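Okay, sequence plus prediction incoming.
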Amino acid sequence: MIPGPLNLITDVPGLKVGNAQDDVLKSGVTVMTADKPFTASVSVMGGAPGTRETDLLAPDKSVAKIDALTLSGGSAFGLDACSGVVAALREAGRGFRVANAVIPIVPGAIIFDLLNGGQKGWRDNPYPALGRAAFEAAGNSFDLGTAGAGTGALTAMLKGGLGSASFMLDNGITVGALVAANPMGSITTPGDRHFWAANFEVDGEFGSLGPDPDTGLGRQLESRKMQHMAKQAQGQAVPDDRANTTIAIVATDADLSKSQCLRLATAAHDGIGRAIVPAHSPGDGDLVFGVSTNAKPLTHPERELSLISHAGALCLSRAIARAVYLARPADNDLLPCWSDT
């Protein structure tokens with residue numbers, strides 16, 4: 001397997017991604033949509049998720065396909081980004097039809113970025129407008145790092161961000177990942193240079209430094225993020241279950257059912273566990289959407305789904321590292337970028 005031409009989730013034919021952000025707010029929204037409705041499910045393994053309409057994605061629920069997925073900053077406020085996307089889709093005449101009614105189906109998930117140094121004293125919730133703007137910007141190419149839903153993301157030690165990666169499999173199927181990385185844990189080993197995901201890097205996509213030569217890693221957990229957030233909170237306690245989360249989409253053009261999309265999403269969580277230490281904690285809302293555009297039938301479904309799921313996990317690890325590697329400095333940052341270390 002090799003990366004696609006863009007090394008983005010949009011290497012999966014038919015998918016489009018758009019970003020919108022407010023640099024003063026230090027937050028933003030990323031929307032993934034497609035040329036036509038697509039199949040999706042979701043797997044949640046973190047202890048503190050924030051979601052909208054994800055119950056519809058369970059295999060036993062009646063909605064077969066959806067129109068877009070939204071990743072947003074803003075914690076609970078960011079869930080309203082989905083409303084902006086719904087409004088734009090409705091104006092375009094896209095959605096689930098019930099008689100004369102058109103109802104766009106747009107599940108979403110959020111990260112916590114309310115204590116990251118941005119100005120959060122808004123009167124009117126900015127996220128519906130950011131959601132609409134991200135949807136309207138959707139295309140094949142999009143920015144990574146400090147962009148979209150990753151604009152205000154922070155890891156334990158460095159700025160987080162938006163990441164993506166892809167693989168084209170030998171059987172002609174494409175797999176890609178998109179992630180907003182804002183975890184409680186670290187994405188780099190102690191010293192902030194080597195990535196936990198270094199063994200999965202392809203073609204120098206996040207610095208070519210290779211794995212950390214030290215051993216016995218992971219036993220000491222530090223967090224500059226929590227220290228700085230405590231200062232932002234002006235002496236009030238910052239509970240771990242309100243300040244983190246990595247949210248992701250793993251997509252393929254293989255023809256998968258909702259149940260198979262759930263298996264893809266579940267397996268892709270391995271990519272989070274390989275790239276972030278620790279992951280899936282009570283203080284994270286770690287979540288992966290599994291998506292199929294249903295374009296390419298499978299010849300040997302069980303065998304091919306295993307390979308697709310493995311590729312999805314690899315793409316997600318790479319996307320997480322790329323999110324941090326490509327983060328760029330901005331005014332009032334609480335944490336350094338990887339490029340500053």
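Right, received. Where do you want to start?

Please count neighbours and contacts with C-alpha atoms only from this point.
Will do.

Quick check: F167 is in a strand.
Yes - looking at F167 with DSSP: H, G, I helix; E, B strand; the rest coil, it is inside a strand.

Spell out the residue ranges of the helices in the protein.
For the chain, the helices defined by DSSP state H occupy 81-91, 127-136, 224-232, 258-275, 301-325.

which secondary structure elements does the second one contact?
Read that as helix 127-136. In terms of contacts (3 or more C-alpha pairs under 8 Å, 6 or more residues apart in numbering; DSSP states H and E), helix 127-136 is packed against strand 15-22, strand 27-44, helix 81-91.

buried set for it?
For helix 127-136, burial by neighbour count (16 or more other C-alpha atoms under 10 Å) applies to 127-136.

ok, back up a step: and the helices of the chain, which one's lowest on average pLDDT?
Lowest mean pLDDT of the helices of the chain: helix 224-232, a mean of 74.

gap between it and the chain center?
23 Å (C-alpha atoms, centre = their mean, to the nearest Å).

just stretch 334-341 next, same as before
So, by C-alpha atoms, centre = their mean, the centroid of stretch 334-341 is 20 Å from its chain's centroid.

could I have that stretch exported to CSV, CA atoms only?
The C-alpha trace of stretch 334-341 is given here as CSV (Å, rounded to 0.1, in the frame of the first residue of the first chain):
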residue,chain,number,x,y,z
LEU,A,334,-0.3,28.4,25.3
LEU,A,335,2.0,25.7,24.0
PRO,A,336,4.9,25.5,21.5
CYS,A,337,4.6,23.9,18.0
TRP,A,338,6.7,20.8,17.2
SER,A,339,8.6,23.0,14.7
ASP,A,340,9.7,25.2,17.6
THR,A,341,11.3,22.4,19.6
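
circling back: can you tell which of the helices of the chain is closest to S41?
Taking C-alpha to C-alpha, helix 258-275 is the member of the helices of the chain nearest to S41, at 5.0 Å.

which residues are in contact with that closest one?
39-43, 45, 57-59, 64, 187, 195-197, 249-250, 279-280, 287-292, 305, 308-310, 312-318, 320-321 (C-alpha atoms under 8 Å, 6 or more residues apart in numbering).

how about that helix: buried residues?
258-275.

sorry, back to before: of the buried residues of helix 127-136, which is the nearest to M229?
For the buried residues of helix 127-136, the nearest to M229 is Y127 (22.0 Å; C-alpha to C-alpha).

Please look at the closest one and D80 and confirm they touch.
Yes - Y127 is in contact with D80 according to C-alpha atoms under 8 Å; the separation is 5.8 Å.

which regions of this structure lie under the pLDDT threshold?
Along the chain, segments meeting pLDDT under 70 span 232-242.

give me that answer again for 80
221, 223, 226-243, 283 (pLDDT under 80).

Can you name the residues that contact the spatially most central residue of it?
Note on the chain: the residue nearest the mean C-alpha position is V179, at 2.3 Å, using C-alpha atoms, centre = their mean. The neighbourhood of V179, defined by C-alpha under 8 Å, 6+ apart, consists of 162-164, 246-249, 316, 319-320, 323.

Include distance to G152 and neighbour count when you put those into CSV, please.
As requested, the contacts of V179 are exported to CSV (distance: C-alpha to C-alpha, whole Å; neighbours: other C-alpha atoms under 10 Å):
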residue, distance to G152, neighbour count
L162, 10, 34
G163, 13, 33
S164, 17, 30
T246, 13, 32
I247, 14, 30
A248, 16, 30
I249, 19, 27
L316, 20, 32
A319, 17, 36
I320, 15, 35
A323, 12, 30
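
which two in the residues you listed are spaced the farthest apart?
I249 and A323 (13.8 Å).

circling back to that earlier point, does the residue nearest to the centre of the chain have beta-bridge partners, and which?
For V179, the beta-bridge partners are G163, A248 (DSSP bridges).

measure it to G150 for me?
Distance of V179 to G150, computed by C-alpha to C-alpha, to the nearest Å: 8 Å.

Compare the helices and strands packed on helix 127-136 and give me the one nearest K296.
strand 27-44 (12.9 Å).

Flag every buried residue along that closest one.
In strand 27-44, the ones that count as buried by 16+ other C-alpha under 10 Å are 27-34, 37-44.

what's the angle from it to helix 81-91?
90 degrees (axes from the mean of the first three to the mean of the last three C-alpha atoms, to 10 degrees).

Strand 27-44: partners in the sheet, and parallel or antiparallel?
Using DSSP bridges, the strands paired with strand 27-44 are strand 15-22 (antiparallel), strand 66-72 (antiparallel), strand 287-296 (antiparallel).

Turn those into JSON lines, columns for mean neighbour count and distance to E222.
Compiled in JSON lines, those are given as follows (neighbours: other C-alpha atoms under 10 Å; distance: least, C-alpha to C-alpha, whole Å):
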{"stretch": "strand 15-22", "mean neighbour count": "24", "distance to E222": "29"}
{"stretch": "strand 66-72", "mean neighbour count": "28", "distance to E222": "26"}
{"stretch": "strand 287-296", "mean neighbour count": "25", "distance to E222": "23"}
